[in-house]
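>>> Need coordinates for the below:
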Amino acid sequence: MDQSSQSYQNVSISSNSDSDTDEKNDTDRQKSCPWGKLIVGAILLTIIILVIVDSLTTKYITSGFQTFLEWIESNLIAGVFAFMGVYFLATILFIPGSILTLGSGFVFGKAVGLGPGVVLATAAVFVGASLGSIASFLIGRYLLREWVQRKLVGKYPIIKALDEAFQQKGFRIFVLLRLSPIIPFNAINYIAGVTSIKFMHYTLALFFIIPGTVLYCFIGATAGSLTESENAVNGPVAIASIVVGIVFGLLAIFVVSYYAKREFNKIVAEQEQHEREEEGFSADETLGEESIHAAAAV
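Prediction:
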């Protein structure tokens, strides 16, 4: 072997060694994780597991929420801010918010009447749910990313198919997801953190949880107003009006959810078609290159 080829071999070996070293360093950096993230992640996972186990067994948390709602009725102003805080935690810990939302309408409806009760309950739910959703998004993106990808994203393959579309249509997609419960509310908050959606688009899309929130609060406030209190709603006409309002509200939410789901499916179909076209172009380019090489060889 001459000197030039030996030198080339040494350079190749050195390059390969450097490449292997860089890959090893990258792998080490990926494996290394700050202790702070591990501790926070472990605490959150432990709390979530405890909440799930409790909901299936003793249900102490559910009874605690009922006691909490009774306290809010007696301490209205402090109760509003306390309710926001509890809803914030419930959103992060995967506790279903439907009971809390109905409960807020019931409590505030009894305390201040039907109309003001719906407004107050909607505002409290929206603030608490929005802050909890933003926190879940940030946790999913920066603290529990691997866990979310492994445990949550795997359950909803449609998210993987739309990952590229989130860059261009992230706001529109999440508006549709908020209007139609295709994926559970608490789960989609964490899943959003591992997608390519922009934080601003994710946050703005939260305003579209308001229609469903108003309906739930209205149903709860109606029940509260129909109970015995100085703000109670009496008379067959008033009761009939409330029932009609609930029915039309449910129909409106159903129609909106139906069309939102249809639009969402349309986006999914467009994205799949786009991916198939890209794969077709790639296959055509490969065949073209092979034909050129074959012609050159001849």
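>>> Nearest residue to G220 in space, please, no chain neighbours.
G105 (2.6 Å; Cβ to Cβ, 6 or more residues apart in numbering). (Each C-beta comes from the backbone N, C-alpha and C, glycine too.)
>>> Packing partners of whichever helix or strand the one you found is part of?
G105 is part of helix 98-112 when elements are defined by DSSP states H and E. Identification of packing neighbours for helix 98-112 by 3 or more Cβ pairs under 8 Å, 6 or more residues apart in numbering; DSSP states H and E yields helix 60-74, helix 76-92, helix 114-142, helix 210-225.
>>> ok, and what's touching the second one?
It stands for helix 76-92. With contacts defined as Cβ atoms under 8 Å, 6 or more residues apart in numbering, helix 76-92 is touched by 44, 65, 68, 71-73, 75, 95-97, 100, 104, 107-108, 111-112, 120, 123-125, 127-129, 131-133, 135-136, 139, 185-186, 189.
>>> Run a quick neighbour tally on S74.
Using other Cβ atoms under 10 Å, S74 has 10 neighbouring residues.
>>> Q273 too?
For Q273, using other Cβ under 10 Å, the count is 10.
>>> So, low pLDDT: which residues of the stretch 101-250 of the chain?
Scanning the stretch 101-250 of the chain for pLDDT under 70 picks out the ranges 224-246, 248-249.
>>> same thing but at 90, please
Scanning the stretch 101-250 of the chain for pLDDT under 90 picks out 101-117, 144-147, 149-170, 172-173, 176-177, 179-184, 196, 212, 215-216, 218-250.
>>> circling back to that earlier point, ok, the residue nearest to G220 to L215 distance?
Applying Cβ to Cβ, to the nearest Å, the value for G105 to L215 is 9 Å.
>>> neighbour-wise, which of those two wins?
Ranked by neighbour count (other Cβ under 10 Å), G105 and L215 place G105 first, with 31 against 20.
>>> show me what contacts the more buried one?
Contact partners of G105, counting by Cβ under 8 Å, 6+ apart, are G117, V118, A121, Y216, C217, F218, I219, G220, A221, T222, A223, G224.
>>> Neighbours of the third one, how many?
The local packing count at A121 equals 32, with neighbours defined by other Cβ under 10 Å.
>>> now do the fifth one
With neighbours defined by other Cβ under 10 Å, the count for C217 comes to 28.
>>> so what's F185 up against?
F185 sits next to T91, G97, A129, S133, I209 when contact means Cβ under 8 Å, 6+ apart.
>>> ah, wrong one, I meant T195
Taking Cβ under 8 Å, 6+ apart, we find T195 in contact with I159, L162, D163, F166, G170.
>>> Among these, which ones are in helices?
Counting by DSSP state H, the part of these found in helices is I159, F166, G170.
>>> Was I right to think the first one contacts Q149?
No. With contact taken as Cβ atoms under 8 Å, I159 and Q149 are classed as non-touching, separated by 9.8 Å.
>>> And these two? Which one has more around it.
More neighbours surround I159 than the other of I159 and Q149, with 21 against 17 (other Cβ under 10 Å).
>>> how close does the more buried one get to K198?
Separation of I159 from K198 (Cβ to Cβ) stands at 16 Å.
>>> so which strand or helix has I267?
Here I267 is assigned to helix 236-297, by DSSP H and E.
>>> Looking at the contacts of G105, spot the one nearest E263.
Y216 (23.0 Å; Cβ to Cβ).
>>> which non-adjacent residue is nearest S180?
Nearest non-adjacent residue to S180, counting by Cβ to Cβ, 6+ apart: A260, 3.8 Å away.
>>> how deep is I158 tucked in, by neighbour count?
Counted with other Cβ under 10 Å, I158 comes out at 13.
>>> quick one: contacts for the residue lying closest to it once chain neighbours are set aside?
Leaving out its chain neighbours, the residue that sits closest to I158 by Cβ to Cβ, 6+ apart is V268, at 6.3 Å. Neighbouring residues of V268 by Cβ under 8 Å, 6+ apart: I158, A161, L162.
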